[in-house]
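Chemist: My questions concern the predicted model and sequence given below.
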Amino acid sequence: MYAIVDIAGQQFKVEKDKKIFVHRLEGTVDSQVVFDKVLLIENDTNVSVGTPVVQNAKVEAKILGHLKGDKVLVFKKTKRKGYQKMNGHRQQFTQIQIENIVS
C-alpha cells in the first residue's frame, strides 16, 4: 500500500514505516503530523485517484528531527571586469516517518 501526498508544496510517494526528508515543518521532535492532501492511494490492486484529493484520506507521520542539508554554493563572475561574488545556503529539512495511511 502506498500513497501520493502533497507535503509543503511537493509531492511524495509514501509507504508505511518509510522515512523521508521534506522541507522544514512546524512542530517538535516526536510530535504527530497529519497530511490531508492525498492525491492517490493504491491498496493491493485497487487504485483511488482524487479529483484533486481523495475524500476522507489522510497520512499520519511522526517528526524524527530537524536538520540542514548540504551547502549549495552560488558563484557569479563577469570576465574581464574583476567581478566575483560567492554565496551559499543550507536548506532546512525535517525528517519524518510515515506511521499510517488512512483511506
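Modeler: Sure, I can see it.

Chemist: which ones are touching A57?
Modeler: Residues near A57 by C-beta atoms under 8 Å, 6 or more residues apart in numbering: 3, 36, 38, 41, 48, 50, 101-103. For glycine as for every other residue, the C-beta is placed from the backbone atoms N, C-alpha and C.

Chemist: 7 Å instead, please
Modeler: 38, 41, 102-103 (C-beta atoms under 7 Å, 6 or more residues apart in numbering).

Chemist: which residues of this structure score low on pLDDT?
Modeler: The chain contains no residues with pLDDT under 70.

Chemist: quick one, strands of it?
Modeler: Ranges of strands within the chain are 2-7, 10-15, 19-23, 32-35, 38-43, 46-49, 58-78, 83-102, based on DSSP state E.

Chemist: Could you dump those into JSON lines with mean neighbour count added?
Modeler: Formatted as JSON lines, the strands of the chain follow (neighbours: other C-beta atoms under 10 Å):
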{"stretch": "strand 2-7", "mean neighbour count": "20"}
{"stretch": "strand 10-15", "mean neighbour count": "14"}
{"stretch": "strand 19-23", "mean neighbour count": "15"}
{"stretch": "strand 32-35", "mean neighbour count": "15"}
{"stretch": "strand 38-43", "mean neighbour count": "18"}
{"stretch": "strand 46-49", "mean neighbour count": "11"}
{"stretch": "strand 58-78", "mean neighbour count": "13"}
{"stretch": "strand 83-102", "mean neighbour count": "14"}
